[in-house]
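**Q** Give me a model of this one.
(one chain, ligands or ions: 2)
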Amino acid sequence: MALKTTQEYLDSLRKLDIKLYMFGELLENFVDHPIVRPSINSVAKSFELAADERYSELMTTTSNLSGETINRFTHLHQSTDDLVSKVQMLRMMGQKTASCFQRCVGMDAINALDSVTFEMDQQLGSVYHQRFRSFLQYVQDNDLVVDGAMTDPKGDRSLRPSEQADPDLYLRVVSESPDGIVVRGAKVHQTGAINSHEICVMPTIAMAELDKDYAVSFAVPSDTPGIFYIYGRQSCDTRKMEGSDMDVGNARYGGQEALVIFEDVFVPKERVFMLREYQFAGNLVERFAGYHRQSYGGCKVGVGDVLIGAAAMLADYNGAAKASHIKDKLIEMIHLNETLYSCGIACSCQGHRTSSGTFLINQLLANVCKQNVTRFPYEISRLAEDIAGGLMVTMPSEKDFRHPKIGPYIEKYFRGVQTVPTEHRMRMLRLVENMTLGCAAVGYRTESMHGAGSPQAQRIMISRQANLDYKKKLARVVAGIEEDN
Ligand code: SF4
Ligand code: FE
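**A** Numbers count the residues shown, from 1 in each chain. Ligands and ions are numbered 1, 2, ... in the order given. Predicted structure coming up:
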């Protein structure tokens with residue numbers, strides 16, 4: 001069976017020769033670093049749950065390539081049921097980690113590349129699909145984590161890739177030989193890149209002919225010479241180095257974003273999935289983005305479940321649970337969260353088979369899903385902060401709480417209802433702080449805005465997919481202006 005254990009995953013990360021910089025230093029051992037480790041634990045959860053019989057039905061499936069049992073994160077969706085199961089799996093992972101668990105970007109990249117490379121080969125007579133499928137077979141057989149790397153730095157947004165003052169602001173091909181290509185550039189805010197075995201690069205926007213050196217897609221091991229990483233800071237990140245799980249709020253799990261630099265990296269020919277076929281770049285971007293916008297209808301909902309639960313617990317701890325406005329706020333949070341889920345499920349149910357056999361989501365509904373995600377988690381967070389109260393941001397540290405002289409005062413004055421220990425109330429407040437303002441806010445609040453594309457990117461897709469002319473015709477027919485034919 002092609003499934004790694006959690007331990008095997010951790011061991012495999014230790015074997016990678018990753019060049020990671022944080023706070024101006026090259027890290028010797030990133031796996032045990034207190035700032036990085038929670039993000040590794042989040043990815044490791046995808047291995048742990050796959051091995052747990054309570055969750056394995058959702059977390060694993062049968063490969064259409066090998067017939068073997070594989071982790072669903074490495075699967076090509078073979079039906080609309082598969083698309084629905086993906087959303088359910090991401091919601092469950094969000095519930096367990098209350099953070100970004102990172103492995104979805106690779107799943108979304110492989111699904112997008114599968115159908116696009118198939119269509120490229122059909123139209124061009126190329127061999128990209130075959131190359132891609134052998135890469136994917138290797139990923140599935142070894143239960144690997146893949147970083148789906150799309151976002152380029154983009155420099156001056158009013159200029160095309162080839163027009164930028166610095167030609168490296170979009171990742172590009174700098175030379176080519178019979179054996180492969182050499183690429184240079186960077187991918188920004190890469191989710192889980194350091195926790196990945198492979199980096200799967202795709203272009204970031206639709207390309208024109210003059211940009212063809214930027215129309216490139218490939219996969220390379222994450223420790224390939226020439227690749228290095230600069231860790232993204234998160235709010236309150238150094239709290240993780242203080243050794244207080246109580247002050248962190250979510251001590252076990254977290255997300256991870258990094259700047260990934262490609263300094264003249266060699267990519268062997270058999271790992272190149274697009275090389276200057278600029279006319280297919282837009283399609284690849286749209287499909288990857290569509291899948292990832294569907295993903296947000298699962299992961300953010302699961303994280304939202306934890307936040308709603310935390311707000312409800314705080315209402316209990318404060319003795320406010322019976323107040324009608326509190327009940328109403330919790331209902332509003334649930335309504336918003338389930339609306340996000342409904343969109344994730346709907347775009348999956350309305351998916352369709354592509355020519356390669358891999359199923360694609362309904363693009364209009366996936367973009368509506370993500371557009372809602374750019375708004376609702378903000379309102380859910382606002383309501384959680386409302387219910388939590390101001391103590392969430394004025395509370396002393398765990399060290400004060402444990403102090404023999406001042407600790408008892410904190411115990412006494414920060415108690416809510418008499419039956420609940422003050423420590424429970426403080427832990428729950430820190431969890432809400434973590435999810436709305438702290439490290440997990442990267443995976444919940446601001447990522448809800450910009451992850452899988454900023455709001456305007458979805459609005460462009462919504463306007464393209466909506467068929468406004470058809471709606472106008474409906475109106476003309478009903479108004480008696482023209483016949484229904
Ligand atoms: Fe997965 Fe959500 Fe993180 Fe994207 S933001 S990688 S969909 S958990
Ligand atoms: Fe994301």
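**Q** closest point of the stretch 351-485 of the chain to ligand 1, which residue?
**A** When you check the stretch 351-485 of the chain against ligand 1 by Cβ to the nearest ligand atom, the closest residue turns out to be residue 451, at 4.9 Å. In this view, the C-beta of every residue, glycine as well, is placed from N, C-alpha and C.
**Q** Please give me every residue in contact with that residue.
**A** Contacts for residue 451 were tallied using Cβ atoms under 8 Å, 6 or more residues apart in numbering; they are 191, 292, 296.
**Q** Take those residues and write them to a markdown table, including neighbour count, secondary structure and distance to residue 122.
**A** As requested, these are arranged in a markdown table below (neighbours: other Cβ atoms under 10 Å; DSSP: H, G, I helix; E, B strand; the rest coil; distance: Cβ to Cβ, whole Å):
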| residue | neighbour count | secondary structure | distance to residue 122 |
| --- | --- | --- | --- |
| 191 | 28 | strand | 31 |
| 292 | 26 | helix | 25 |
| 296 | 26 | helix | 31 |
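**Q** Now narrow the residues you listed to whatever sits close to ligand 1.
**A** Contacts with ligand 1 within those, as defined by Cβ under 6 Å from any ligand atom: 191, 296.
**Q** and the stretch 151-300 of the chain, which of its residues are near ligand 1?
**A** With Cβ under 6 Å from any ligand atom as the criterion, the stretch 151-300 of the chain meets ligand 1 at residues 191, 295-296, 299.
**Q** do that again at 5 Å, thanks
**A** Residues of the stretch 151-300 of the chain lying close to ligand 1 (Cβ under 5 Å from any ligand atom) are 191, 295, 299.
**Q** residues touching the last one, list them.
**A** Meaning residue 299. Listed by Cβ under 8 Å, 6+ apart, the contact partners of residue 299 are 90-91, 93-94, 100-101, 104, 443.
**Q** Narrow these to those in helices?
**A** Filtering the contacts of residue 299 for membership in helices, criterion DSSP state H, returns 90-91, 93-94, 104, 443.
**Q** Those: which ones sit near ligand 1?
**A** Of the ones in helices among the contacts of residue 299, the ones that also sit near ligand 1 (Cβ under 5 Å from any ligand atom) are residue 104.
**Q** between the ones in helices among the contacts of residue 299, which is nearest ligand 1?
**A** Ligand 1 has its nearest neighbour among the ones in helices among the contacts of residue 299 in residue 104, at 3.2 Å by Cβ to the nearest ligand atom.
**Q** Enumerate every residue touching the nearest residue to the closest one once chain neighbours are set aside.
**A** In space, residue 104 comes closest to residue 295 once its chain neighbours are excluded; the distance is 4.7 Å by Cβ to Cβ, 6 or more residues apart in numbering. Contact analysis of residue 295 by Cβ under 8 Å, 6+ apart lists 86-87, 90, 104, 107-108, 344, 452.
**Q** any idea of the mean pLDDT in the helix or strand containing residue 295?
**A** Using DSSP states H and E, residue 295 sits in helix 281-318. Confidence over helix 281-318 (mean pLDDT, whole number) is 98.
**Q** Repeat that for stretch 427-435.
**A** For stretch 427-435, the per-residue pLDDT averages 97.
**Q** With stretch 467-482 instead?
**A** When pLDDT is averaged along stretch 467-482, the result is 97.
**Q** Give me the contacts around it.
**A** 483-484.
**Q** Now do residue 74: how many residues are near it, please.
**A** By other Cβ atoms under 10 Å, the residues close to residue 74 number 27.
**Q** Ok, residue 58 next?
**A** By other Cβ under 10 Å, neighbour count at residue 58 equals 18.
**Q** Please report phi then psi for the residue found closest to residue 484 once you drop the neighbours it is linked to in the chain.
**A** Once its chain neighbours are removed from consideration, residue 484 has its nearest residue in residue 477; the separation is 4.5 Å (Cβ to Cβ, 6+ apart). Reported as degrees, to the nearest 10, the phi and psi values for residue 477 are phi -70, psi -50.
**Q** Could you count how many residues lie near residue 477?
**A** What residue 477 shows, counting by other Cβ under 10 Å, is a neighbour count of 13.
**Q** Residue 483 too?
**A** The criterion is other Cβ under 10 Å. On that basis, residue 483 has 7 neighbouring residues.
**Q** Please export the C-alpha coordinates of the helix or strand of the chain with the lowest mean pLDDT as PDB.
**A** Every helix and strand of the chain was ranked by mean pLDDT, DSSP states H and E. The lowest is helix 441-450, at a mean of 87. Output for helix 441-450, consisting of C-alpha atoms alone and laid out as PDB, is shown next (Å, rounded to 0.1, in the frame of the first residue of the first chain):
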ATOM      1  CA  ALA A 441      -5.100  34.400  11.100                       C
ATOM      2  CA  VAL A 442      -2.800  33.700   8.100                       C
ATOM      3  CA  GLY A 443      -4.800  30.600   7.400                       C
ATOM      4  CA  TYR A 444      -8.200  32.100   8.200                       C
ATOM      5  CA  ARG A 445      -8.600  35.800   7.900                       C
ATOM      6  CA  THR A 446      -6.200  37.400   5.500                       C
ATOM      7  CA  GLU A 447      -5.700  34.200   3.600                       C
ATOM      8  CA  SER A 448      -9.500  34.200   3.100                       C
ATOM      9  CA  MET A 449      -9.000  37.500   1.300                       C
ATOM     10  CA  HIS A 450      -6.000  36.700  -0.900                       C
END
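**Q** For the residues of the stretch 151-300 of the chain next to ligand 1, give me JSON lines that also has distance to residue 375.
**A** Shown next, in JSON lines, are those (distance: Cβ to Cβ, whole Å):
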{"residue": "191", "distance to residue 375": "21"}
{"residue": "295", "distance to residue 375": "17"}
{"residue": "299", "distance to residue 375": "16"}
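**Q** didn't residue 276 look like it was pressed against residue 216?
**A** Yes - in this structure residue 276 lies within contact range of residue 216 using Cβ atoms under 8 Å: 7.3 Å.
**Q** Could you verify that residue 174 is part of a helix?
**A** No - with DSSP: H, G, I helix; E, B strand; the rest coil as the criterion, residue 174 is assigned strand and is not in a helix.
**Q** on that earlier part again, report the buried residues of the least confident helix or strand of the chain.
**A** Neighbour-count burial for helix 441-450 flags 441-445, 447-448 (criterion: 16 or more other Cβ atoms under 10 Å).
**Q** go on, stretch 148-167?
**A** Buried residues in stretch 148-167, defined by neighbour count with 16+ other Cβ under 10 Å: 148-153, 155, 161-162, 164, 167.
**Q** And stretch 262-281, by the same measure?
**A** Residues of stretch 262-281 classed as buried under the neighbour-count rule (16+ other Cβ under 10 Å) are 262, 265-267, 271-281.
**Q** before we move on, what about stretch 65-76?
**A** 65, 70-76.
**Q** And for stretch 340-356?
**A** In stretch 340-356, residues buried by neighbour count (16+ other Cβ under 10 Å) are 340-341, 343-348, 351, 354, 356.
**Q** just to revisit the earlier point, can you put the buried residues of stretch 148-167 in JSON lines and add distance to residue 233?
**A** Rendered in JSON lines, the data for the buried residues of stretch 148-167 read as follows (distance: Cβ to Cβ, whole Å):
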{"residue": "148", "distance to residue 233": "22"}
{"residue": "149", "distance to residue 233": "20"}
{"residue": "150", "distance to residue 233": "22"}
{"residue": "151", "distance to residue 233": "18"}
{"residue": "152", "distance to residue 233": "21"}
{"residue": "153", "distance to residue 233": "17"}
{"residue": "155", "distance to residue 233": "22"}
{"residue": "161", "distance to residue 233": "28"}
{"residue": "162", "distance to residue 233": "32"}
{"residue": "164", "distance to residue 233": "26"}
{"residue": "167", "distance to residue 233": "28"}
